[in-house]
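J.: Sequence unavailable; structure follows:
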């Protein structure tokens, strides 16, 4: 009975303190009490390996980057995405983006790459300026620079995609060479997401700074 009484009393004190905190912030005319930050750990060490993030890289609050992972300048990992580097390293090149709900495992991503939503990449290499469509699956494969993988495609183990080609299907096969307009779009896509990630990063840091004050 005494233990239960202490737990109840402690709960009352904690809730009272939280209520006073919110009231105090409201009196200060700040809206920071409305922002609920996730306690999710988005950058995690593993086996004595700590992710290496460039100063301008951004990891979304609900994303997870684990172990031997390197993110270069301007790269970004978006909401709900998991990047794992366990026995082998995973790396993301400058200005490349791995969008929402994707999984990147033991793979190397070049520069200016756009990886769409819900993509799975394991044990693979993606060259510079590639675009990987939504829900594509790439396993133990190599995609050369300036290539495009259509949404929903599956690259099975051992697949090698030459430069400047479009592949699609399950299993993915060569469809055609990319035209000049499509090739120009590849770098522009990555640039767009790099700028957007910088906006998210700035907003995150500004809000956290307000809450710390």
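T.: That came through fine. It should be emphasised that the depicted structure is a prediction, and the values quoted were computed from it without experimental measurement. Numbers count the residues shown, from 1 in each chain.
J.: Report the central residue of this protein.
T.: By C-alpha atoms, centre = their mean, the chain has its centre lying nearest to residue 77, at 1.7 Å.
J.: Just list the residues touching that one, thanks.
T.: 58-60, 63, 65, 71, 83, 92, 97-98 (C-beta atoms under 8 Å, 6 or more residues apart in numbering). The C-beta positions use only the backbone N, C-alpha and C, and glycine is treated the same way.
J.: Could you list the buried residues of stretch 138-150?
T.: Using 16 or more other C-beta atoms under 10 Å as the burial criterion, the residues of stretch 138-150 that qualify are 138-139, 141-150.
J.: now do stretch 191-208
T.: Applying 16+ other C-beta under 10 Å to stretch 191-208 flags 193-194, 197, 201 as buried.
J.: now swap in stretch 93-110 and tell me
T.: Quick answer for stretch 93-110 (16+ other C-beta under 10 Å): 93-110.
J.: quick one, what contacts residue 174?
T.: Neighbours of residue 174 in contact, by C-beta under 8 Å, 6+ apart: 161, 165-167.
J.: is it fair to say it lies in a strand?
T.: Yes - assessed by DSSP: H, G, I helix; E, B strand; the rest coil, residue 174 belongs to a strand.
J.: Name the residues linked to it by a beta bridge.
T.: Residues in a beta bridge with residue 174, per DSSP bridges, are residue 167.
J.: so residue 84, which of the three states?
T.: strand.
J.: What of the one 3 residues further on?
T.: Each residue gets one of three states, and residue 87 gets strand by three-state DSSP.
J.: Equivalent analysis for residue 146, please.
T.: Residue 146 is classified as coil under three-state DSSP.
J.: isn't it right up against residue 126?
T.: No - assessed by C-beta atoms under 8 Å, residue 146 is found out of contact with residue 126, at 11.2 Å.
J.: Could you check the pLDDT of the residue nearest to the centre of the chain?
T.: With respect to pLDDT, residue 77 has a value of 98.
J.: farthest-separated two in the buried residues of stretch 138-150?
T.: Taking C-beta to C-beta as the measure, the buried residues of stretch 138-150 span a maximum distance of 21.6 Å, between 139 and 146.
J.: Can you show me the helices along the chain?
T.: 2-27, 180-212 (DSSP state H).
J.: Please name whichever of these is nearest to residue 52.
T.: Going by C-beta to C-beta, the one of the helices of the chain nearest residue 52 is helix 180-212, 16.7 Å.
J.: who does that closest one touch, helix- and strand-wise?
T.: strand 58-59, strand 76-77, strand 97-98, strand 114-115, strand 131-132 (3 or more C-beta pairs under 8 Å, 6 or more residues apart in numbering; DSSP states H and E).
J.: Next one: residue 2, what pLDDT does it get?
T.: pLDDT at residue 2 comes out at 77.
J.: now swap in residue 5 and tell me
T.: 78.
J.: now it: how far from residue 12?
T.: Per C-beta to C-beta, to the nearest Å, residue 5 is found 11 Å from residue 12.
J.: Name all residues that make contact with the residue nearest to residue 93 when sequence neighbours are not counted.
T.: In space, and not counting its chain neighbours, residue 93 is closest to residue 111: 3.8 Å by C-beta to C-beta, 6 or more residues apart in numbering. When contacts are counted by C-beta under 8 Å, 6+ apart, residue 111 is found next to 72, 93-96, 128-129, 190.
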